[in-house]
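Asker: Let's see this in three dimensions:
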Amino acid sequence: MNGIEFYIGLSAGINNLLNYKNKLDEINVFPVPDGDTGTNMCFTLLPIIEECKDKITEDINETLDIVADTALESARGNSGTIIAQFVHGMRRALRGKKLIENDDFSKALTSGYDSAIESLMKPEEGTIITVMRDVANKSKELCSENIDISFEVFLDKCYHESVQSLEKTKNILKILRKSDVVDAGALGFVLLMQGWLNSVQKNTKIQSQHLNITYDHEKIESLKKDIDFTIKNKFCTECAIESKNIDKIELKSTIKSLGDSMVLAGTKDRVKIHIHTNTPTKFFKICGAYGKVVDRKVDDMTKQEHTVHHTGASGIAIVVDSGADIPKEYENEIQVVPVRYSFGNQQHIDKVTQTTKDFYRQMASDSNHPKTSQPTPGDFKKIYNFISSHYDSIISIHLSKKISGTYQSGINAAKNIKVKNINVIDSYSASVGLGLLAIHAVDLKQNGKSYNHIIKSVEETKNMIQLFLLVNDLSYMVKGGRLPSKVKTIANLFSITPILGNKNGKLTPRGVFFGKKKRIEKYSKFLDSKMDEDKQYNIMIAHANDLENGEKLLNLLLDKHTNINKYDILELGGALGAHTGPGGLAIGIQEIK
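Answerer: From the prediction side, this is the model:
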C-alpha cells in the first residue's frame, strides 16, 4: 500500500463516519451525556478530507505526516483527541516507510493503540480504547497465522473483530448497560474501519455487514435525571501548547488533579490537551508555564446536556455572542458564542475563564488595557454544528455590525451548516439591549410560536429597544481607541459627563449632563424622557462592578414609572465593559407592543 491508497481508504472511512454524526451524538452517554462525540470526531477528521488531498504523495511516511499533523491540529473533544493521537501513533510506527504490507499496517494499529492509551489519564474499558486494542491484537494474530493474506481479507477480519468488540462495550461500562447502547467513540472507530473496508471491496460482491446501532431514546433521556451520572466537572476545556521539547509526562502529572477525562495528545513541540474541569483558568495558567497556549476552548457541559435533552414546544435554538448580557434564568435556553479578550499576553474567554467581577478588578489595576477580539467564523461553526445535531432551526442574534465584526462571522459560518433553517440577525444593539432581544426570542419560542413568527417579531422588536450607557471614567474609552484623548480633556475641563446610546446600530453621544454630583439622579432624569407614560416597557440594567449605583438607578426608575412590566439587574460583561471601565452603567429599554 502506498500513501495515496492509504489516504483514499482513510478518507472513505471518514466519509462513512460523517454519515453517522448525529447518531453518535444521540448515543453519547460517556463520560458525560453531552451529545457531542459525533460532532467532535467528525470535525477532528474532516480537515483531512477538505485540506490534505492536494498534498498527499505516494510516500506513506509523507502522507502520515500530513494526516497526523492535521488531525492533531484540529482535534476536538475527548473522542477527537484520542483518535488524533491514534493516527499520530500510526505515524510513529511507519516512520521512514514508502510502502507498507499487512505486517506494517498491524504494527501501525498497535502503535496507534499504545499512543492513544498513553494519552489518557484514566483509560476506561468498554470505550474506544477497548476496540482499538482488540483490533490491534487481531491484526497481529492474522499476520502470524498467514503472511500471504490479502489486505482486503486482512481488513475484513479486523473489521469483524471490531464489530464484536463494539457489542461487548454494552456490558462493560455501567452507564452503557443502563442506557443499553454501545460506546459512541468506539462506534465511531468501527465506522472508520467499515468505510475503509467498503472502499476496498467496491469492485466485489462482498460488503461489510450492516451495524446494529438501534437504541432506546427514553433510556438515554432518563440519564438526565439519574443521580449516578451527574456532571461533576462542569467545563469541557481544551488548548494546545507550543514549545520545544515539552515534558508530556510531567505536564500530565501536573494537571491530572484539576479534573477528569483528560487526554494529552501530540508531539514534543505541540501538545493538545482535553480535560473536564471546574477551574479552566487555573488549567490555562499551568499550561502557560510549559509554552505558548493557543486554541483555547471552554464549553459548559451542563448547557450542552440541556441542549441534547431539550424538551418543549420547538426545535428552535437561540444563539447569541457573549456581548449579550442575559439574566441567569435564561442562560440554559440560549447558546453563547464567546468573545475573547486579553490583558497583555494573558488571554481570557469572556465570562468563562474570568468572572466579570475579576475582570473589572484587573482592569482597574493592570497597566494593560483589555483588547477584545470577535468570535471567528470557526467559533460560530463549532456551535452551529453542535446545535444542528439537536435542533431543526437556528436563530442567531448578535452585536450590531456597526460595533463589531461578530455578526459577519456568524453570516460566514452559517453558509455551509446543514440545518433546516438558520437566520443570523443584527441586533442593532449590545449588552442588555441585545439581551432583551434574545430573551424576547426565547419567550416567543416557549410560547410555541413558529420559526418565521419569531424572526419577524425579533426584526420588529429590535427597533423598539433603546440602549444607553453612562461611563464613569472616559480614560478607558480613550485607551480602547473608542474616544479621542482631546474629547476626554475637554469633558474633564468642563466637567461634562456624556451619555452614549444606540442609534441605527451605532453607539453615539445621546446626551450630556454637567458635574459629577448626583450623576445617577441626572442619568435617571435623562432616561425619564425616553419612556412614554402611555406605553409599557421591560428594562434591564447592567453595572460594571457597581451594584450599589445600579440598584439606585433601578429604584429611581421604578419609583417614577409604573409602566415598567419586567426588570432585571446584572453585571456588564467584558465585551462592552472593556470600553466603559469600572463604574459604567448600561440600560436596555424595550417598548412592549
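
Asker: could you point out which element follows the helix or strand of the chain with the lowest mean pLDDT?
Answerer: Here the helix or strand of the chain ranked lowest by mean pLDDT, DSSP states H and E is helix 217-222, holding a mean of 55. Past helix 217-222, further along toward the C-terminus, the next helix or strand under DSSP states H and E is strand 235-242.

Asker: So which bits of stretch 97-109 are buried?
Answerer: For stretch 97-109, burial by neighbour count (16 or more other CB atoms under 10 Å) applies to Lys97, Ile100, Asn102, Asp104, Phe105, Ser106, Lys107, Ala108, Leu109. Where you see a C-beta, it was placed from the backbone N, CA and C, and this is true even at glycine.

Asker: what's the most distant pair in the residues you listed?
Answerer: Across the buried residues of stretch 97-109, the longest distance by CB to CB is 14.3 Å; it joins Lys97 and Leu109.

Asker: Asp104 is in contact with Phe151, correct?
Answerer: No: counting by CB atoms under 8 Å, Phe151 sits too far from Asp104 to count as a contact (10.8 Å).

Asker: So which of the buried residues of stretch 97-109 are in helices?
Answerer: Counting by DSSP state H, the part of these found in helices is Asn102, Asp104, Phe105, Ser106, Lys107, Ala108, Leu109.

Asker: For the fourth one, give me its contacts.
Answerer: If I follow you right, that is Ser106. Neighbouring residues of Ser106 by CB atoms under 8 Å, 6 or more residues apart in numbering: Ala136, Ser139, Lys140, Leu142, Cys143.

Asker: In the stretch 251-400 of the chain, where is pLDDT below threshold?
Answerer: 303-314 (pLDDT under 70).

Asker: My error: substitute the chain in the last question.
Answerer: Using pLDDT under 70, the chain drops low at 28-35, 175-180, 203-230, 303-314, 480-483.

Asker: Show me it divided up by domain.
Answerer: For the chain, the structural domains run 3-225, 231-309, 464-592, going by automatic domain parsing.

Asker: possible to save those domains as JSON lines with distance to Ala413?
Answerer: Output for these, formatted as JSON lines (distance: least, CB to CB, whole Å):
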{"stretch": "domain 3-225", "distance to Ala413": "13"}
{"stretch": "domain 231-309", "distance to Ala413": "16"}
{"stretch": "domain 464-592", "distance to Ala413": "18"}
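
Asker: of all the ones you listed, which lies closest to Lys445?
Answerer: Of the domains of the chain, the one closest to Lys445 (CB to CB) turns out to be domain 231-309, at 13.5 Å.

Asker: Buried ones in stretch 132-150, by neighbour count?
Answerer: Met132, Arg133, Asp134, Val135, Ala136, Asn137, Lys138, Ser139, Leu142, Cys143.

Asker: same check, this time on stretch 11-30
Answerer: 11-18, 20-21, 23-30.

Asker: what's the neighbour count on Tyr476?
Answerer: Residues near Tyr476, counting by other CB atoms under 10 Å, number 25.

Asker: my bad, should have said Leu264
Answerer: 23.

Asker: Help me confirm that it is found in a strand?
Answerer: Yes: under DSSP: H, G, I helix; E, B strand; the rest coil, Leu264 falls within a strand.

Asker: you'd agree it is up against Ser253?
Answerer: No: the criterion here is CB under 8 Å, and Leu264 misses it with Ser253 at 10.3 Å.

Asker: And the helices in the stretch 451-593 of the chain?
Answerer: For the stretch 451-593 of the chain, helices defined by DSSP state H, counting those that start in this stretch occupy the ranges 451-461, 475-479, 485-493, 519-528, 547-560, 574-580.

Asker: Asp114 - how many residues pack around it?
Answerer: Asp114, neighbours per other CB under 10 Å, totals 18.

Asker: ok, Ile147 - contacts?
Answerer: Asn102, Asp103.

Asker: And what about it, helix, strand or coil?
Answerer: coil.

Asker: Quick check: the gap between it and Asn61.
Answerer: The gap separating Ile147 from Asn61 is 23 Å, by CB to CB, to the nearest Å.

Asker: next one: Pro377
Answerer: Taking CB to CB, one finds Pro377 at 34 Å from Asn61.

Asker: that older thread, can I get the ones in helices among the buried residues of stretch 97-109 in JSON lines with distance to Lys488?
Answerer: Below are those laid out as JSON lines (distance: CB to CB, whole Å):
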{"residue": "Asn102", "distance to Lys488": "74"}
{"residue": "Asp104", "distance to Lys488": "69"}
{"residue": "Phe105", "distance to Lys488": "68"}
{"residue": "Ser106", "distance to Lys488": "71"}
{"residue": "Lys107", "distance to Lys488": "68"}
{"residue": "Ala108", "distance to Lys488": "64"}
{"residue": "Leu109", "distance to Lys488": "66"}
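
Asker: Which one of those is nearest to Asp36?
Answerer: Relative to Asp36, the closest of those is Leu109; by CB to CB it sits at 26.2 Å.

Asker: That closest one contacts Asp134, correct?
Answerer: No: Leu109 lies out of contact with Asp134 (CB under 8 Å); the separation is 10.4 Å.

Asker: Let me see the contact set for Asp300.
Answerer: By CB under 8 Å, 6+ apart, the neighbours of Asp300 are Lys234, Phe235, Val352.

Asker: so which of these is the most crowded?
Answerer: Phe235 (24 neighbours).

Asker: Isn't it up against Pro280?
Answerer: Yes: between Phe235 and Pro280 there is a contact under CB under 8 Å: 5.0 Å.

Asker: Identify the contacts common to these two.
Answerer: Taking CB under 8 Å, 6+ apart as the contact rule, Phe235 and Pro280 both touch Val298, Val352.

Asker: where does Gly448 land in three-state SS?
Answerer: With three-state DSSP as the criterion, Gly448 reads coil.

Asker: So Ser261: helix, strand or coil?
Answerer: Ser261 - assigned by three-state DSSP - is strand.

Asker: Thr279 versus that one, what's the distance?
Answerer: Distance from Ser261 to Thr279, by CB to CB: 14 Å.

Asker: between the two, who's got more neighbours?
Answerer: A count of neighbours by other CB under 10 Å puts Ser261 above the other of Ser261 and Thr279, at 21 against 17.

Asker: and the gap between that one and Thr127?
Answerer: For Ser261, the distance to Thr127 equals 11 Å [CB to CB].

Asker: Next: Lys517.
Answerer: As defined by CB to CB, Lys517 lies at a distance of 65 Å from Thr127.

Asker: These two: which is more packed in?
Answerer: Neighbours per residue, other CB under 10 Å: of Lys517 and Thr127, the larger number sits with Thr127, 24 against 8.
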